[in-house]
Structure formats: C-alpha cells, structure tokens
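> here is a sequence with its predicted model. Questions after.
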Amino acid sequence: MDRFFKLKQNGTTVRTEIMAGLTTFMAMAYILTVNPNTLTAFGQIDMGWYSVFLATALAAGIFTIAMGLFINFPVALAPGMGLNAYFASVVLSSATTDHPFTWEMGLTAVFISGLIFILLTITHVRQMLLEAIPDALKHAITVGIGLFITIIGLKNSGLMTIGVEAGNDIPAHKFTDVLSFETVIHLGSLENTNVQLALIGLLLIGILMVLQVRGAILFGILGTTVIAILMGAVDFNSVATSEAKWIPDFSQINFMKFDWDGILHTGIVSAIATFTFVELFDTFGTLVGTATRAGIMKNPEEGKKRVGKAMLVDAVAVTGGAMLGTSTTTAYVESAAGVAEGGRTGLTAVTTGVCFLLALFLAPIAALIPGSATAAALIIVGVLMVQSIREIDFQDMVVAIPAFLTITMMPFSYNIANGISFGIVFYVVLASIANLRGKTKYKVHWMMWILAVLIIARYVFFGSQG
C-alpha cells in the first residue's frame, strides 16, 4: 500500500489517510439525502427517490475510488450541488409547456456534456477555455450558484413563499410581469412546522460550524431529523420510506434512461451548454485548490499533469453518473476537509469512496430525513459558495458590472445559464471599450468573443425561455 500510494514520499501514513478519507465523507455525506430530494423536487419529478439515492451513492463511490486508484489524488466526487437544482428547475418549469423537458432529456444532456468534457480534456481545449474566462467571472459564477441554491432551500423549507400582495397566486409554470404595487416574495409562516424545522436545522448546523465540528452539515441534518421525529413531523409512510431498502435493489436504478428522440429540443441545447460551462469552472477550481493545499502543486509541471489526468476522471464521471441516473458528478470542494486532516494521496479518496458504497445499505435511514432538514443544508451550502465574492474587485466597473449581473441574474431569473450569459456578454463589451481607451490590462480572449456571439444567437433565435 505504501508503494502503490507513495505514502512515505508524500509524508503521510495509512492511519492519517484513512482518517482524512472519513473526514471528507462526513463533510459531504449530506449529498446522499439532498440529491434525491433535489432531483425529484421533493416528489414533484417521478425519477424515484430510491433510484436517485442508489445513483448518488454508486456514482460517488465508484468515481471517487477511481480518482484515488488511477490518479492518486485526495479528491472525492459526487453529484454536484447547483447543477442538480438547475436540472430539477428546468424539468419543472417546462412541465406544462408544449415541449416539456423531461428528466430523461436532462440525463441525456448530462451524458452529452460528459462526452464533450472527455473530448475537451483529451484535446486540452478545456484548459484553454479556463484561461479565457476572467477570474472575476469564475468567482461570480460560484457566488451566483450559491444564491441559486439558497433560493431552492428557502422555497423547499417554506421560509420563502411566492405570490402577490393582492392575494392571487401566480399560476404554476406561468410567467407574468410584476407591477409596481405587486411583490412576488414573502416570508413563510413561522407557525408552519416545516419552517420551524428549517430554522432549527440552520441553527444546529450554524452552531456546529462555529464550533468547527467536522461533518457539521451532516450532523445538523441528523439532529434536525431527530427533533422532527420527536415533533411527529416525519412521515414514516412516505414514498421515499416505502421505496428504501436495507439491501440495495439495483434493479431500480434509472440505468441509461436517455431520451434521444428529444435531442433536438431547444431546451436541451441550452441545458447541455449550462452543464458543460458551469462544470468547467467548478472542477478546475476544486482540483487546483485541493492540489495546492495538498502540496501537489509544489512541482508545477508535475502538478499540472496530475490535475489534467484528474480532469479526465472527472469527465468520465459525468457520463458515468448520467448512465446511473443522476445529474453531473463532479469533484467536491469538501475534499479540502480531508486534506486539512492530512490527506495527501489517493488512499484518502479510496476511503471516502468505500464509505459511499457502504452507505447503499443505509437507505431506510436516509429516507426518514425530512425535506426541511435538507433545505437547511442547501442554505448553508449557499453560504459557503458565496464566500468567493471577496475575490471580486467591485471597485473596477469593467469586472464589477459583469460579475454583479452574473451573480444576480442566476437567482432572480431562476436560471444559471442566464447569469453566465449576461456576465460574458457584458464583460466582452465593457472590456473591449476599456481597451479602446488605452486600458490594455483587460484581456479579451478570442474564445470569449465566440462565446458572446453564440450566447446572443441563442437568445435571438431561441428566446429567453429556450
């Protein structure tokens, strides 16, 4: 084991690596319950709670172990937050339209984006794309997704309700102008049990994080679940509970449930672009950041090679996860928790992956966790992602305006792609004007021009809801 993972060479031991792997698992195990709830939109999408649970555990386990064995990298993978919320929102928002975007189409879009990733990684275009996007926009994308996730959590918990002051609810899946005397967002009723549980969950997770408890989000979710049981707020006869099994039933996996007939649906083009675009930055930041903390980047040349190989595993994980029946599987920033505990090699990742596979036998426990508890976790994840805002220079209007539009358009238009699109187009225009005035510090990569043109064409020909 020492020779295979090069433990001595990396200044670590088997015990340290295993403890680091367990720490990483505790930090990200919340995805086992959050992802099934999110992708099924708390029962509104018929993917099957247990089917998504199986896909989540399998994808996280298999590809995290692969990262450890083949790349010797202390990074764990699992279905990513943000894109799973985007996946569900696109399916729901088009449910009553003439051309509904089904969850099978969503998995097809994820699968195709994974194939694109593999191609981009092998040809090194992926690295070129990362260099083309300004750092400010990369950070803005992370912040915007954080706010997007937060709104999902607020809605699912009941802390935020949507309607108009006149008392007439906005029809589901309909778009309407908001007049000067109207508002669409309200605070939910504090007398609602779900709202109370969400607030308890937020408080528990917050206290644990202040106390710097490893796995604070997971423990907060479990603590909220216990309180919910004592309050009689857990439905022991729910669909998820009835589906969950102690012995994994792999026949229920949504394996290869793709919809190739809907491949020309305009919405799927937008979805593929969004899955691909967001994953590019998310993976890059996580892999480079984790590699730096683990000391892998001390030798820049060797570090870049290993990050490049890790990107290939990540790309394969996207396609593999879609085949298993889940949204984009990606490298997790929570891997930093294991690195902080001393994890330096792939043994850390293998340990984490094994824990996810063992979790397949705990589905009945996960099924008892109420939506309010996972909604609180979503809000806290939003807090963690918004921290990237400190990396943006809001005194510089050339980057501040595009970054601000990226951040705000995601949650307020309820679409991640809109935020990215506005940010790119506005940056290209503003940076180009600044360059004409002699401020040559704003570089506009030729690929940014191509992206801007494609974005404008997309809105012109497919419309804002395409």
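Now that the structure is in, tell me what you want to look at. Numbers count the residues shown, from 1 in each chain.
> could you chop this protein up by domain?
Under the assignment the TED database, the domains of the chain span 7-164+254-364, 393-465.
> tell me which of those domains sits most buried.
Stretch with highest mean neighbour count among these: domain 7-164+254-364 (a mean of 22; mean count of other C-beta atoms under 10 Å). (Each C-beta comes from the backbone N, C-alpha and C, glycine too.)
> format the domains of the chain as TSV; extra columns: mean pLDDT and distance to Ala375.
Putting the domains of the chain into TSV (pLDDT from 0 to 100; distance: least, C-beta to C-beta, whole Å) gives the following:
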stretch	mean pLDDT	distance to Ala375
domain 7-164+254-364	85	4
domain 393-465	86	15
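> in CSV: those domains, plus distance to Ile229.
CSV is the format used below for the domains of the chain (distance: least, C-beta to C-beta, whole Å):
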stretch, distance to Ile229
domain 7-164+254-364, 14
domain 393-465, 32
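> between these, which one is closest to Pro370.
Using C-beta to C-beta as the measure, domain 7-164+254-364 is the one of the domains of the chain that comes nearest Pro370, at 9.3 Å.
> show me what contacts the residue positioned nearest the centre of the chain?
The residue lying closest to the centre of the chain (C-alpha atoms, centre = their mean) is Met81, at 2.2 Å. Met81 is in contact with Ile31, Val34, Ile145, Ile149, Leu378, Val381, counting by C-beta atoms under 8 Å, 6 or more residues apart in numbering.
> save these as a markdown table, and put in secondary structure too.
A markdown table is the format used below for these (DSSP: H, G, I helix; E, B strand; the rest coil):
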| residue | secondary structure |
| --- | --- |
| Ile31 | helix |
| Val34 | helix |
| Ile145 | helix |
| Ile149 | helix |
| Leu378 | helix |
| Val381 | helix |
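> ok, those residues vs Tyr86, which is closest?
Checking those against Tyr86 by C-beta to C-beta gives Ile145 as the nearest, at 8.4 Å.
> follow-up on the earlier one: closest to Ile227 out of the domains of the chain?
domain 7-164+254-364 (14.3 Å).
> rewinding a little: ok so the residue nearest to the centre of the chain is a strand residue?
No - under three-state DSSP, Met81 falls outside any strand and is assigned coil.
> which parts of this structure are strands?
If DSSP state E is used as the criterion, the strands of the chain fall at 77-79, 160-162, 185-187, 329-331.
> right, and these - which one's nearest Val354?
Of all the strands of the chain, strand 77-79 comes closest under C-beta to C-beta, at 13.7 Å.
> what is that closest one packed up against?
Contacts defined by 3 or more C-beta pairs under 8 Å, 6 or more residues apart in numbering; DSSP states H and E place strand 77-79 against helix 31-39, helix 49-71, helix 300-324, strand 329-331.
> using TSV, please lay out the strands of the chain together with distance to Ala457.
As requested, these are exported to TSV (distance: least, C-beta to C-beta, whole Å):
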stretch	distance to Ala457
strand 77-79	31
strand 160-162	32
strand 185-187	33
strand 329-331	28
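> nearest to Leu358, of the ones you listed?
When the strands of the chain are ranked by proximity to Leu358 (C-beta to C-beta), strand 77-79 comes first, at 14.5 Å.
> so which residues make contact with the closest one?
Residues from elsewhere that reach strand 77-79 (C-beta under 8 Å, 6+ apart): 28, 31, 35, 39, 55-56, 59-60, 63-64, 67, 313-314, 317, 321, 326-332, 356.
> wait, which of the strands of the chain is closest to Leu199?
Closest to Leu199 of those is strand 185-187 (C-beta to C-beta; 11.4 Å).
> tell me the strands beside the closest one, with direction?
Strand 185-187 has its sheet partners listed here by DSSP bridges as strand 160-162 (antiparallel).
> now do the contacts for Thr102.
For Thr102, the contact set (C-beta under 8 Å, 6+ apart) comprises Val91, Asp259, Gly262.
> so the second one sits against Val110, correct?
This points to Asp259. No - Asp259 is beyond contact range of Val110, at 11.9 Å (criterion: C-beta atoms under 8 Å).
> closest one to Phe219 among the strands of the chain?
Proximity of the strands of the chain to Phe219 was assessed by C-beta to C-beta; the nearest stretch is strand 77-79, lying at 18.1 Å.
> what strands flank that closest one, and is each parallel or antiparallel?
By DSSP bridges, strand 77-79 pairs with strand 329-331 (antiparallel).
> so how far is the strand it pairs with from its chain's centroid?
8 Å (C-alpha atoms, centre = their mean, to the nearest Å).
> and the contacts of it?
Against strand 329-331 from outside (C-beta under 8 Å, 6+ apart): 59-60, 63, 67, 75-80, 83, 279, 282-283, 286-287, 290, 310, 314, 317-318, 320-321.
> which stretches of the stretch 201-350 of the chain form helices?
Assigned by DSSP state H, counting those that start in this stretch, the helices in the stretch 201-350 of the chain fall at 216-230, 239-243, 266-293, 300-324, 335-340, 346-358.
> same for the last one, what does it pack against?
Yep, that's helix 346-358 we're talking about. Here helix 346-358 touches helix 14-28, helix 49-71, helix 335-340, going by 3+ C-beta pairs under 8 Å, 6+ apart.
> go again using 7 Å as the cut-off
helix 14-28, helix 49-71 (3 or more C-beta pairs under 7 Å, 6 or more residues apart in numbering; DSSP states H and E).
> what angle sits between that helix and helix 300-324?
10 degrees (axes from the mean of the first three to the mean of the last three C-alpha atoms, to 10 degrees).
> which outside residues touch helix 346-358?
Helix 346-358 has contacts (C-beta atoms under 7 Å, 6 or more residues apart in numbering) with 5, 14, 17-18, 20-22, 24-25, 57, 60-61, 64-65, 67-69, 71-76, 338.
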